[in-house]
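K.L.:
predicted model and sequence follow; I will ask about them next.
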Amino acid sequence: MFRLDGRVALVTGGSGGIGKALGIGLGLAGARLALTGRSQEKLDDNAAAAEAAGCRDVQTFGNFDLTDPGRPAALAEAVAERMGGVDILVNVAGLNRRKPALDFAEEDWDAVMNPNLKAVFFLSREVARLWIEGGRDPERDGRGKIINIASLAGAIGIAEIAPYGASKLGVVALTRSLGVEWAQEAICVNAIAPGYHETPMTIAQGIFENPKIGPWVRSRIPMGRLGTTEDLVGPAIYLASAASDYMTGQTVFVDGGFEAG
């Protein structure tokens, strides 16, 4: 029920830490991987890591800026042509900019919103188009699965990241709407909302070493520790597999109990 043997998983943000972890996790569950991201060098490194971990079929698709018109469709078509289709889409790619709201320029707003929300919608649309117009048969092909990466920041107020929080709450709303709209099309759309996790990005930014942030964060997590990228793998496999075939439009918080506390 939880195996993904032979299914093609397209993972955006495949050059980053979460994309790498989810890609490897899905690959070890049997999926064939299509990793995309802006850095071909990091994509190649993560693909090599996936193969070293035991993933059998790992392909990279660089040079796709998903915020540019036409590129989501081009990516969906490229993956389908090279790998024979797409079965699972994992929308990981995104970024954050931290500064007081009074200092946010319009360019900053667009720089966060475009990859975090706009690209998620348009790539989801193009992959769903492949499934709907291609006559996907759930009995033969299984249900199409879309997994969006939301965030705890979309559920609570966090200072100095207003556009990021807004974009991630938008992902939650998008997940609900598309989950309902495509429920009759053999497509499940769900989201994972990470809490405070140690990733290459958060480590590089020194977020948890900040004396104003680190102690507060740790004191608020009921499980008493920061998350890791590996903590997100199990939920992703569940949402990508037949085990979640009767689940759509939902957001799963993986935050050590923060949002519930």
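P.N.:
Done, it's in. It should be emphasised that the depicted structure is a prediction, and the values quoted were computed from it without experimental measurement.

K.L.:
how far away is the spatially most central residue of the chain from Ala242?
P.N.:
In the chain, the C-alpha nearest the mean C-alpha coordinate belongs to Val92, at 2.6 Å (C-alpha atoms, centre = their mean). Going from Val92 to Ala242 by C-beta to C-beta, to the nearest Å gives 22 Å. Quick note: C-beta positions are derived from backbone N, CA and C, even for glycine.

K.L.:
tell me the pLDDT at the residue nearest to the centre of the chain?
P.N.:
Here the pLDDT value assigned to Val92 is 98.

K.L.:
angles on the backbone of it, please.
P.N.:
Dihedral pair for Val92: phi -100, psi -40, per degrees, to the nearest 10.

K.L.:
can you give me the strands in the stretch 51-200 of the chain?
P.N.:
For the stretch 51-200 of the chain, applying DSSP state E, counting those that start in this stretch gives strands covering 58-62, 88-91, 144-149, 187-194, 197-198.

K.L.:
report the distance from the longest one to the chain centre.
P.N.:
For strand 187-194, the gap between its own C-alpha mean and the chain's C-alpha mean amounts to 8 Å (C-alpha atoms, centre = their mean, to the nearest Å).

K.L.:
pull the CA atoms of it into CSV?
P.N.:
Extracted C-alpha coordinates of strand 187-194, given in CSV (Å, rounded to 0.1, in the frame of the first residue of the first chain):
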residue,chain,number,x,y,z
ILE,A,187,-6.3,13.4,-8.4
CYS,A,188,-5.5,13.9,-4.8
VAL,A,189,-4.0,17.3,-3.7
ASN,A,190,-2.6,17.5,-0.2
ALA,A,191,0.0,19.5,1.7
ILE,A,192,2.7,19.1,4.3
ALA,A,193,3.3,22.0,6.6
PRO,A,194,6.8,21.8,8.2
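
K.L.:
adjacent strands (with direction) for it?
P.N.:
Looking at strand 187-194 with DSSP bridges, its partner strands are strand 144-149 (parallel), strand 251-254 (parallel).

K.L.:
same check on the first one?
P.N.:
For strand 58-62, the pairing partners within the sheet under DSSP bridges are strand 32-37 (parallel).

K.L.:
which outside residues touch the partner strand?
P.N.:
Surrounding strand 32-37, the residues in contact under the criterion C-beta atoms under 8 Å, 6 or more residues apart in numbering are 6-16, 19, 23, 26-27, 43, 46-47, 50, 55-62, 64, 75, 79, 82-83, 86, 93.

K.L.:
from those, which land in helices?
P.N.:
Among those, the ones falling in helices (DSSP state H) are 19, 23, 26-27, 43, 46-47, 50, 75, 79, 82-83.

K.L.:
before we move on, the earlier item: my guess is the residue nearest to the centre of the chain meets Val11, correct?
P.N.:
Yes - Val92 lies in contact with Val11 (C-beta atoms under 8 Å); the separation is 6.1 Å.
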